[in-house]
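Chemist: quick one, what's the 3D model for this:
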Amino acid sequence: MKEAVLTLLHKGHAGFALMALLVGVVPANAGSFTPPAGCSGWLTVQARACRVSNYYKCTQDTPGDQWRADFDQEGLFFASRIDAEAQWVESIEMNPMVRQTLDAGSQDPASFSELLEGLDTFAFNLTRDNGEASRVRGFDRLTGKSVEIDGVTLLQTEFEFAEEDVSGGALRRSRGNEYIHPGWRLFFAGPSEWDGGSGYVPMDGSPVQFIFPGEPGFFATAPLYECDAVLSSYSRGVSDGK
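Modeler: Residues are numbered from 1 along each chain as shown. Here you go, the predicted model:
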């Protein structure tokens, strides 16, 4: 669910530094992403559906927190921070720039630890800095299957979630499969369906390459896979809901 939908408001640190950085971010074809000061990168994932994600950690954040910056053909379009339980700490969307944070006192906090035991349910509220608020409900469940992608073993999950506004109106929902890495405490996209109000649309942003520091392509900003296919789908009016 963390790939399809993003924890405590951590004021004054990497989130605001990143927002300042995003304003002047270079185009995707310009080369490498540089995280904010005090942060260091440790993983790049080239994925299907024309996306590359760069992961980094910041010394000023709570231990266990980590950031992800997502790029498509036009550049940086999304960034998020999760905690050690893979809860969404905060997310930043581009065009227009909107910051979203997790409300305190979740009814049923997301828990990576519970998922590793087989099933995690979650129910929490989110607030955007433009005043919009929403509620998220759903579950993640291990399927018992594993896959190996680019030499990395991942566990498969199935998930379902729905997000609604404070009046109960549907905003978006998704269902399908994702992957997790227990040691990294990360979710990765898989084959799923997304409904932003016009019916379910198939999506698959599964990882293709895992790239580590010192390897070619680490912290690249240009996605490599299925970009022509993504452009074709958009020209037919198909949206991935982002």
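
Chemist: residues making contact with the longest strand anywhere in the chain?
Modeler: Secondary structure of the chain per DSSP state E: the longest strand is strand 133-149. Outside of strand 133-149, the residues within contact range by C-beta atoms under 8 Å, 6 or more residues apart in numbering are 1, 5, 103, 110, 115-116, 118-127, 153-166, 171, 177-179, 206-208, 210. C-betas here are computed from N, CA, C, even on glycine.

Chemist: can you list the strands that that strand pairs with?
Modeler: According to DSSP bridges, strand 133-149 forms sheet pairs with strand 119-128 (antiparallel), strand 152-165 (antiparallel).

Chemist: that strand: which residues count as buried?
Modeler: Within strand 133-149, the residues that count as buried by 16 or more other C-beta atoms under 10 Å are 134-140, 142, 149.

Chemist: how far does that strand sit from the chain's center?
Modeler: When C-alpha coordinates are averaged (C-alpha atoms, centre = their mean, to the nearest Å), strand 133-149 and its chain have centres 13 Å apart.

Chemist: just the buried ones among the contacts of strand 133-149, please.
Modeler: Judged by 16+ other C-beta under 10 Å, buried ones among those: 1, 5, 103, 110, 115, 120, 122, 124, 126-127, 154-163, 171, 177-179, 206-208, 210.

Chemist: can you show me the strands along this structure?
Modeler: Under DSSP E, the chain gives strands at 39-47, 51-58, 66-72, 75-82, 88-93, 98-102, 119-128, 133-149, 152-165, 170-181, 186-195, 201-204, 207-211.

Chemist: the fifth one pairs with which strands?
Modeler: Strand partners for strand 88-93, identified by DSSP bridges, are recorded as strand 75-82 (antiparallel), strand 98-102 (antiparallel).

Chemist: now do the shortest one, average pLDDT.
Modeler: When you say that, I think you mean strand 98-102. The average of the pLDDT scores along strand 98-102 is 94.

Chemist: as a quick check, tell me the outermost residue of this protein.
Modeler: Ser167 (25.8 Å; C-alpha atoms, centre = their mean).

Chemist: in contact with that residue, which residues?
Modeler: Contact partners of Ser167, counting by C-beta under 8 Å, 6+ apart, are absent.

Chemist: what's the spacing between Asp103 and Pro216?
Modeler: Asp103 sits at a distance of 42 Å from Pro216 (criterion: C-beta to C-beta, to the nearest Å).

Chemist: what does His181 give?
Modeler: 22 Å.

Chemist: tell me which of those two has more neighbours.
Modeler: Comparing His181 with Pro216 by other C-beta atoms under 10 Å, the one with more neighbours is His181, at 16 against 6.

Chemist: just checking, the more buried one touches Leu116?
Modeler: No - look at His181 against Leu116 with C-beta atoms under 8 Å: they stay out of range, at 11.0 Å.

Chemist: worst-scoring helix or strand of the protein, pLDDT-wise?
Modeler: Taking mean pLDDT, DSSP states H and E as the measure, helix 14-23 is the helix or strand of the chain with the lowest mean score, a mean of 50.
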